[in-house]
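1. return a 3D structure for these sequence lines:
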Amino acid sequence: MKDQVCRYCGERFQLAPNKPGYVDECTDCLYEKTASETLRHKKFSEAVAEVNRIIEKVMKIHNMTREEVIASWRESLARENPTEPPN
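-> Numbering: from 1, shown residues only. Okay, the predicted model is just below:
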């Protein structure tokens, strides 16, 4: 096995056959990079779920459809930020 220098942390490591990731990144940096991507995805998924829960509550309280809630939300944003066009 050949010694390699990690392009991220600069540490030397042994290049193992069938190692996941790039040849010039150690397994610790690969894990950190993959874990942080997974964490970002998890946080995004949790945020989307929270928005969906809020929309469901508004739908129930105001007897509105999902489309009406989103349209109302966009109108509210447009009033608060008149220089930014609504999506």
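2. need the strands for the chain, in chain order.
-> For the chain, the strands defined by DSSP state E cover 2-5, 12-15.
3. any chance of CSV for those strands, columns mean pLDDT and mean neighbour count?
-> Glycine gets a C-beta too; all of them are placed from N, C-alpha and C. Output for those, formatted as CSV (pLDDT from 0 to 100; neighbours: other Cβ atoms under 10 Å):
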stretch, mean pLDDT, mean neighbour count
strand 2-5, 84, 11
strand 12-15, 86, 12
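4. nearest to residue 83, out of the ones you listed?
-> strand 2-5 (49.5 Å; Cβ to Cβ).
5. walk me through which strands the closest one pairs with, and which way each runs.
-> strand 12-15 (antiparallel) (DSSP bridges).
6. any chance you could map the helices in this structure?
-> Counting by DSSP state H, the chain has helices at residues 27-62, 66-80.
7. mind putting these into a markdown table with mean pLDDT and distance to residue 19?
-> What follows is the helices of the chain, written out as a markdown table (pLDDT from 0 to 100; distance: least, Cβ to Cβ, whole Å):
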| stretch | mean pLDDT | distance to residue 19 |
| --- | --- | --- |
| helix 27-62 | 84 | 7 |
| helix 66-80 | 91 | 46 |
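8. as CSV, those with distance to residue 4 would be great.
-> Output for the helices of the chain, formatted as CSV (distance: least, Cβ to Cβ, whole Å):
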stretch, distance to residue 4
helix 27-62, 11
helix 66-80, 50
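9. of these, give the one that comes closest to residue 5.
-> Per Cβ to Cβ, nearest to residue 5 of the helices of the chain: helix 27-62, 11.4 Å.
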